[in-house]
Structures are given as structure tokens and as C-alpha cells.
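# okay, here's the prediction I keep looking at, along with the sequence it came from:
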Amino acid sequence: MAHFLDLNDAGADAIAAMLNDAMDRKAARAGLPRGAPDADAPLKGHVLALVFEKNSTRTRVSFDIAMRQLGGSVLLLDSTSSQLGRGETIADTARVLSRMVDGIMLRTDDHAKITEMAAHASVPVINGLTDRSHPCQIVADLLTMIEHGKSLPGLEVAWFGDGNNVLHSILEAAGLFKFNVRVATPAGYEPDAEFVEMARSGGAIITLTQDAAKAASGADVLVTDTWVSMGQAHAEEKLAAMAPYQVNSALMAHAKSDAIFLHCLPAHVGDEVSMEVFEGAQSVVFDEAENRIHAQKSVLLWAFGKLAV
Ligand code: CP
Ligand code: NVA
């Protein structure tokens, strides 16, 4: 068993194995009802606790459906109805859940809480988003890029807007798979230097710029996310600073003609992305959303020690 708090916990070889497994499983179950198990039901009898301290649609549904397809099941806890909301410690929660379930997915505000959960759990802990990173999203994003014909080494990925948790995991992936990232943000909203350094030390070329058109020029993949992440204040000053970083047709025109547009969702159409791009032919955001299921099945198999690497 292994924790999946960030992409580096698995590393490039295991993530490559996850992507291959995800593509194979996705193809093999074509035509089955969504809740029907894969033929081998590799996690039969396993229960995953889904613990949410923040809202979710995709993460919640995709982990539930992923576990059903692997032959297992989930149970759901949130901070308002569990004892976490009344101050029971993460450490005690980790030890109790480890006696009752086979694995834990946690979505939380503070990344320190998930490292605390992992330190005290004797079952795999999976990061379903923290303020620092969103690794499961990026496994799905890599799968989506590959499915759309993009080969990762040397790929030019461009990010626009806020230097947030999703960007951090993209940078981590860039270091592992040697693709390049042009990061266009307003001053003061750059990603944490730790992730930029991590990517560069892995061999990725990372460009930080305040010029959105420059970042888009010749890009293969354009990515954005909400300008205000969960738990952040809706500051008018921030929204004003973000306005020049909207992904719209004028910006897409700088990219390669076969470039794709990714967004982890939920989207705020009219803010970080224009309607014409979001609904346009280059947008693959709903493939990306579906791929959360397929990618996470392979993350789960890896965490449960059932994926050959
Ligand atoms: N992309 C993503 O994690 O979506 P949810 O917040 O709906 O889970
Ligand atoms: N950056 C966003 C991602 C949501 C899936 C947030 O943290 O709210």
C-alpha cells in the first residue's frame, strides 16, 4: 500500500503505468453501464472513505463510480456531519478509519492535514485536492492530452490566470514527464517557487511571464482554472488583475492550430474562459471530466498495491 499525496509519491514510471492501465480499462469496458464492475473487479470487497472538507462534484462522483467499477464501494464523510467538524483530530480520525475501511480519500483546505492523515493512517491516503495540489486531476489531464494525440515529452503547455493548486500539480508532472510549461499570471499570483524549481530540476523548461499572448504562442495545450479557488476571498483587486488572462479566441489564435483547451471545472465562463472557447471545437473539458473516473481507478489500484509497474 502507498499514499498518493502528490505525483512524486508515485513517480514517472508508476504514473506511466497508471495511464496505460486507464486506457486499457476504459477501452475494455466500452458499452457497459457506468456502475457495472470491470471483468476482473480487482478491488472486490474494498471500501474507500471519501472525506470532504470542501465542496465537490467531479471528485466525489468519480471516486464513487471508480470504486464501483473496480468492484468495491465508498462511504462519504464531510466535516459538518462527522466529528471532524466538532474538533476530533485528524490523527484520531486516521487511526479509526484505518480500522474500518481499506483506504481514505481526503479533500481539505490545508495540505498539512493530509500529511497528518497519512502519517497516522495504516491504509492508503489519496489527495482529492488541498490548497497546495490536486494530483488526481492531473493524472486525468495527462490521460486527456495523450488521448488527444499529444505526446508528453517536449509538449508546450500554457497556463493562464492564478498560480494555484492545479498549476502546482501540472508543474510537478512537467518535471516527471519532461514537458514545458509557460505560466502567464499577473504579478503576485505566480505559483510557489518550490514547484517551479521541482519542474526545472526534472528537466522541464518553465517560463514565468505576465504576457498571456507570449505564453500562448505556439502552445499545444492551453489550461486555466477559476480565478478564485475554494477558501479564497472574492477580492475585486484579484479579479481585475486576472482579466487580461482570459482564455478567449484571440488568445487561442496564438496557439498551434491543433491545440486543445483544458479546464478542471467548475468553470466560470466569461471570467477565466470565454464562451466561444469553452464550447468550441478545441475544448476537451468534458473528456477531461470523464477521465477523472478512468485515471483514478489506476491511482487506486496503484495505492492498493495492485498495479504492476
Ligand atoms: N475538478 C474537480 O476536482 O472538480 P470538483 O471540485 O467538482 O471535485
Ligand atoms: N483551484 C480550484 C480547483 C477546483 C477543482 C480550487 O481549489 O477551488
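Yep, it's here. Residues are numbered from 1 along each chain as shown. Ligands and ions are numbered 1, 2, ... in the order given.
# report the separation between M18 and ligand 1.
Relative to ligand 1, M18 is positioned 17 Å away (C-beta to the nearest ligand atom, to the nearest Å). For glycine as for every other residue, the C-beta is placed from the backbone atoms N, C-alpha and C.
# mind checking the SS state of that residue?
Here M18 is helix, with the state taken from DSSP: H, G, I helix; E, B strand; the rest coil.
# contacts only, for it.
Counting by C-beta atoms under 8 Å, 6 or more residues apart in numbering, M18 makes contact with 10, 139, 295, 298-299, 301-302, 307.
# would you mind putting these into a markdown table with distance to D24 and secondary structure alongside?
Formatted as a markdown table, these follow (distance: C-beta to C-beta, whole Å; DSSP: H, G, I helix; E, B strand; the rest coil):
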| residue | distance to D24 | secondary structure |
| --- | --- | --- |
| A10 | 18 | helix |
| V139 | 15 | helix |
| A295 | 13 | helix |
| S298 | 9 | helix |
| V299 | 15 | helix |
| L301 | 11 | helix |
| W302 | 14 | helix |
| L307 | 11 | coil |
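# which residue of this protein lies farthest from its centroid?
R86 (29.0 Å; C-alpha atoms, centre = their mean).
# pLDDT score for it?
The confidence metric pLDDT takes the value 95 at R86.
# what is the burial count for the closest residue to ligand 2 within the stretch 51-200 of the chain?
Each residue of the stretch 51-200 of the chain has a distance to ligand 2, by C-beta to the nearest ligand atom, and the smallest belongs to N164, at 4.6 Å. Using other C-beta atoms under 10 Å, N164 has 23 other residues around it.
# that one against D225, yeah?
Yes - here N164 reaches D225: they are 6.0 Å apart, a contact under C-beta atoms under 8 Å.
# name the helices or strands packed onto the helix or strand encompassing V183?
Taking DSSP states H and E as the definition, V183 sits inside strand 180-184. Using 3 or more C-beta pairs under 8 Å, 6 or more residues apart in numbering; DSSP states H and E as the contact test, the elements touching strand 180-184 are strand 156-160, helix 165-177, strand 206-209, helix 212-216.
# please enumerate residues in contact with that strand?
Counting by C-beta under 8 Å, 6+ apart, the neighbours of strand 180-184 from elsewhere in the structure are 154-161, 163, 167, 170-171, 174, 190-191, 196, 199, 204-212, 214-216, 219, 245.
# again, only using 6 Å
Identification of contacts with strand 180-184 by C-beta atoms under 6 Å, 6 or more residues apart in numbering yields 156-160, 174, 204-209, 212, 215, 245.
# ok, of these, which one's closest to P42?
Ranked by distance to P42 (C-beta to C-beta), those are led by A174 at 30.3 Å.
# settle this for me: the closest one is touching G203, isn't it.
No - the pair A174 / G203 is not scored as a contact, 8.9 Å apart, by C-beta atoms under 6 Å.
# higher neighbour count, these two?
Remark: of A174 and G203, A174 carries more neighbours, 26 against 14, as counted by other C-beta under 10 Å.
# so how do I select the buried members of the contacts of strand 180-184 in ChimeraX?
Listed next is the ChimeraX selection for buried residues among these, using 16 or more other C-beta atoms under 10 Å:
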select :156,157,158,159,160,174,204,206,212,215,245
